[in-house]
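In: the following comprises the amino acid sequence and a computationally predicted model.
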Number of protein chains: 2
Amino acid sequence: MPQPIENAIPDVVILRLPLYVRALAQLHDSDTEVVSSHALGEKLQITPAQIRKDLSYFGRFGKQGRGYNVLYLLSELKSIMGLNQEWRAALIGMGRLGRAIISYPGFVREGFHIVAVFDADPALVGTEIDGVPVRNMAQLDRIISEQRIHIGIVAVPEEHAQAVVDQLVKCEVKGILNYAPISPQVPDGVWIRNIDPVLSLQTLTFHLKG
Amino acid sequence: MPQPIENAIPDVVILRLPLYVRALAQLHDSDTEVVSSHALGEKLQITPAQIRKDLSYFGRFGKQGRGYNVLYLLSELKSIMGLNQEWRAALIGMGRLGRAIISYPGFVREGFHIVAVFDADPALVGTEIDGVPVRNMAQLDRIISEQRIHIGIVAVPEEHAQAVVDQLVKCEVKGILNYAPISPQVPDGVWIRNIDPVLSLQTLTFHLKG
DNA sequence: TAATGTGAAAACCTTCACAGCT
DNA sequence: AGCTGTGAAGGTTTTCACATTA
């Protein structure tokens, strides 16, 4: 007999929530106290109906005739998305890309802290980069549990990426941000996002070509 | 009266095509000559039916009972996506991020060449970085037309990103890869892709939170 | 036999439109 | 009067299932 599956939140909805959070934070910074789905949609190029429907998956946050209280909706959404806590991440791969990642201030500003970095190169291990000691891959398991790390950021060459992802999965890391130009396989219950500018360029050229 | 719109290719399909190209290139590198939708789907975690349906928007590339000739399908897809030509890009913003981008070998390997770089900082303009002279923003228009540049890569701080995008649009650039943490507005006929690791992390935490 | 290409069905997502609240 | 929240309608995308062909 078919199990009536509890209505899950559509994935596309989850992809839009951070956009709402960002727009609401901007509105709050410019001292806007109330916003309608129409005004928010204008800012984000999203229809008002879609915004209302998205929010309705999580509760009722607005006031009819008035709109949404910016600060209240912002704090509710942050709580829904797990953004009112600090997140601790490990960075694997300290080549050029890894260095660019660790020196990017945008992560810390949004509550994502790289608290440990790893590399396979013995020449790097033991040195410090931006004040963070570079560790041996053999220490991954221990450090991840000691430091209560929940996110892995993969910045190793393509050919090692899947192995590193597998290692992270073994260490019970459930969230992975992958910069290598592959789509690594992960088991159910592990969440991965790929940052792949070449793929993005390749979807552009389809529209640009003669 | 409602115009019977010519059945367009769904956007999601276009987003998947580069994945097929990448997988086929790997198969070709490992001397596989023929692949079925099932085998390709296994590699990419995509259902065989979806792959066949996607390909069917563009033609009939397979042989019943056998599958797809890897090299033939690869070359057809590259042609469909505009990937059998070299693409010339301008990079705007030569801070830490811009330097990481210009030194990333993955773009050139896939046929994307950064042939001019720009920055607003007078201290940088006139110097060379990785052998490429850094130019003044005032020269954007002239260089883009002289060098036949079709893609703009935006790596400037958030607060200048929309203005730079607007400038690129004025210069008739139709494809933009944006690294600033905003979603710039562009007119119809201009295509933009955003690279935004913070947004990606924020969609991860939804699944990770207690 | 094995696997494509494709209409039709199912699932999914967006938009409509309006009752109901402020 | 104005705007939310939401069933229902409409549209899009995915999956099914099978006739067809090598």
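Out: Noted; the coordinates are in hand. A quick note: this is a predicted structure, and the numbers were derived from the prediction, not measured.
In: so who does A:G82 touch?
Out: Taking CB atoms under 8 Å, 6 or more residues apart in numbering or on different chains as the criterion, A:G82 is in contact with B:205-206, B:208-210. Quick note: C-beta positions are derived from backbone N, CA and C, even for glycine.
In: so where is chain A shaky, pLDDT-wise?
Out: Across chain A, residues meeting the criterion (pLDDT under 70) sit at A:1-6.
In: ranges for the strands of it?
Out: Secondary structure of chain A, counting by DSSP state E: strands at A:34-35, A:62-63, A:67-69, A:87-92, A:112-119, A:128-129, A:132-136, A:151-154, A:175-178, A:191-194.
In: deepest of those, which one?
Out: Most buried of the strands of chain A by mean neighbour count (mean count of other CB atoms under 10 Å in any protein chain shown) is strand A:151-154; its value is a mean of 25.
In: roughly how far out does that one sit from the chain middle?
Out: Taking CA atoms, centre = their mean, to the nearest Å, one finds the center of strand A:151-154 at 10 Å from the center of the full chain.
In: quick one: contacts of that strand?
Out: With CB under 8 Å, 6+ apart as the test, strand A:151-154 has contacts from A:87-93, A:101, A:112, A:114, A:161, A:164-165, A:168, A:173, A:175-180, A:184, B:201, B:204, B:208.
In: now stretch A:123-141
Out: When contacts are defined by CB under 8 Å, 6+ apart, stretch A:123-141 is touched by residues A:90, A:92, A:94, A:99, A:102-103, A:114-120, A:143, A:167-168, A:170-171.
In: can we see that at 10 Å?
Out: A:90-92, A:94-95, A:98-99, A:102-103, A:114-122, A:142-143, A:146, A:149, A:152, A:156, A:160, A:163-164, A:167-168, A:170-173 (CB atoms under 10 Å, 6 or more residues apart in numbering or on different chains).
In: tell me what the longest helix that chain A contains is packed against?
Out: Ranked by residue count, the top helix of chain A under DSSP state H comes out as helix A:11-29. Using 3 or more CB pairs under 10 Å, 6 or more residues apart in numbering or on different chains; DSSP states H and E as the contact test, the elements touching helix A:11-29 are strand A:34-35, helix A:37-44, helix A:48-56, strand A:67-69, helix A:70-81, helix B:197-208.
In: same for the fifth one, what does it pack against?
Out: It stands for helix A:70-81. Other elements packing on helix A:70-81 under the criterion 3+ CB pairs under 10 Å, 6+ apart are helix A:11-29, strand A:34-35, helix A:48-56, strand A:62-63, strand A:67-69, helix B:197-208.
In: that helix vs helix A:11-29, what angle?
Out: Relative orientation of helix A:70-81 versus helix A:11-29 (axes from the mean of the first three to the mean of the last three CA atoms, to 10 degrees): 140 degrees.
In: follow-up on the earlier one: need the strands of chain A in CSV with distance to DNA strand C, can you?
Out: What follows is these, written out as CSV (distance: least, CB to the nearest atom of the strand, whole Å):
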stretch, distance to DNA strand C
strand A:34-35, 11
strand A:62-63, 5
strand A:67-69, 10
strand A:87-92, 25
strand A:112-119, 26
strand A:128-129, 40
strand A:132-136, 39
strand A:151-154, 24
strand A:175-178, 20
strand A:191-194, 16
